[in-house]
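Q: give me a model of this one.
(2 chains)
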2 protein chains.
Amino acid sequence: MIHMDRPIVRIEPIGIVRSPLTRLEDAPMQGDEGAPEAWLELTPQTAPALKGLTAGDELIVLTWLHLAQRDVLEVHPRGDLNRPLTGVFATRSPDRPNPIGLHRVSVLEIEAQRLRVAPLEAIDGTPIIDIKPVLVGSDPSER
Amino acid sequence: MIHMDRPIVRIEPIGIVRSPLTRLEDAPMQGDEGAPEAWLELTPQTAPALKGLTAGDELIVLTWLHLAQRDVLEVHPRGDLNRPLTGVFATRSPDRPNPIGLHRVSVLEIEAQRLRVAPLEAIDGTPIIDIKPVLVGSDPSER
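A: I've put the predicted structure just below:
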């Protein structure tokens, strides 16, 4: 049941992950657990929105974890059956109603329509839905 | 043009923000710029995914900034015309192709189907699309 004030949201991916990681079972659970470099390939329409980014920037990449299960509400954290069933909103499980991945990465290289970043645990072919700079401190001038 | 491997993504909001902020022009740009407390009201279907959250937890709330303009690719950061036009992926502008808001909040109180949190700069009626815990350090046992 969707209320009038909770409409369906339609997202068009802004790009796609190109990575040497091609199998979910080879992907680390988090970027800082040994994830490789990857390219973020933007669509021609959205590439102008990269203007101003430079190598060395720290970004938060939002992805759509397209292989996740959306009907899962509780999991054993990190798949450890010794840990009690926990609501997915209290975990970073990819399985959740709206499987959006958050990935903190560093920019290594920029071309007109793509960025090389690291580390990124998302597999090859994962849709990218947004890119944001990491906020530095609370000084608005740094944002 | 959408490629076969970049399909449209359909998101069903998991809940809605209930806030004393009702006008966009009254909302601060970031939570740490004086944003108030708010309630996150979950749908009955997704409320079980809150299991395990407790007051004091630090969360990242993902919202759909439903009043944003999706056809904007470049902005003057923070609306300051003295700053050069910058690609929206290099800014936290709400106007962007997929206007997803990221909000770091503390949990103040939990009921069966809603959470009281602060600070939150999203206005009343903003759809909520995901909730995740903040990752602490790099020790997997802390996640």
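Q: gap between A:Pro99 and B:Asp32?
A: Noted for A:Pro99: a distance of 28 Å to B:Asp32, by CB to CB, to the nearest Å. For glycine as for every other residue, the C-beta is placed from the backbone atoms N, C-alpha and C.
Q: then A:Trp64?
A: A:Trp64 is 28 Å from B:Asp32, by CB to CB.
Q: over to A:Leu102?
A: Using CB to CB, we find A:Leu102 at a distance of 19 Å from B:Asp32.
Q: out of the two, which sits in the busier spot?
A: Between A:Leu102 and B:Asp32, counted using other CB atoms under 10 Å in any protein chain shown, the more crowded position is A:Leu102 (18 against 14).
Q: the helices in chain A, which residues?
A: Using DSSP state H, chain A contains no helices.
Q: just the strands from it, written as ranges.
A: A:9-11, A:15-18, A:38-42, A:58-64, A:74-75, A:86-87, A:100-110, A:114-118, A:127-133 (DSSP state E).
Q: not counting the fifth one itself, show me its contacts.
A: In other words, strand A:74-75. For strand A:74-75, the external contacting residues (CB atoms under 8 Å, 6 or more residues apart in numbering or on different chains) are A:85-88, A:91, A:93, A:95, B:48-49, B:51.
Q: quick one on the thing from earlier: columns mean pLDDT on top of the strands of chain A, output as a markdown table?
A: Listed next are the strands of chain A as a markdown table, based on pLDDT from 0 to 100:
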| stretch | mean pLDDT |
| --- | --- |
| strand A:9-11 | 92 |
| strand A:15-18 | 98 |
| strand A:38-42 | 98 |
| strand A:58-64 | 97 |
| strand A:74-75 | 97 |
| strand A:86-87 | 97 |
| strand A:100-110 | 97 |
| strand A:114-118 | 98 |
| strand A:127-133 | 97 |
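Q: tell me which of the ones you listed sits nearest to B:Ile123.
A: Checking the strands of chain A against B:Ile123 by CB to CB gives strand A:9-11 as the closest, at 16.5 Å.
Q: who's in contact with the closest one?
A: Identification of contacts with strand A:9-11 by CB under 8 Å, 6+ apart yields A:64, A:129, B:8-13, B:64, B:98, B:127, B:129.
Q: parallel or antiparallel, which strands does it pair with?
A: When pairing is defined by DSSP bridges, strand A:9-11 lines up against strand B:9-11 (antiparallel).
Q: fine by me, thanks again.
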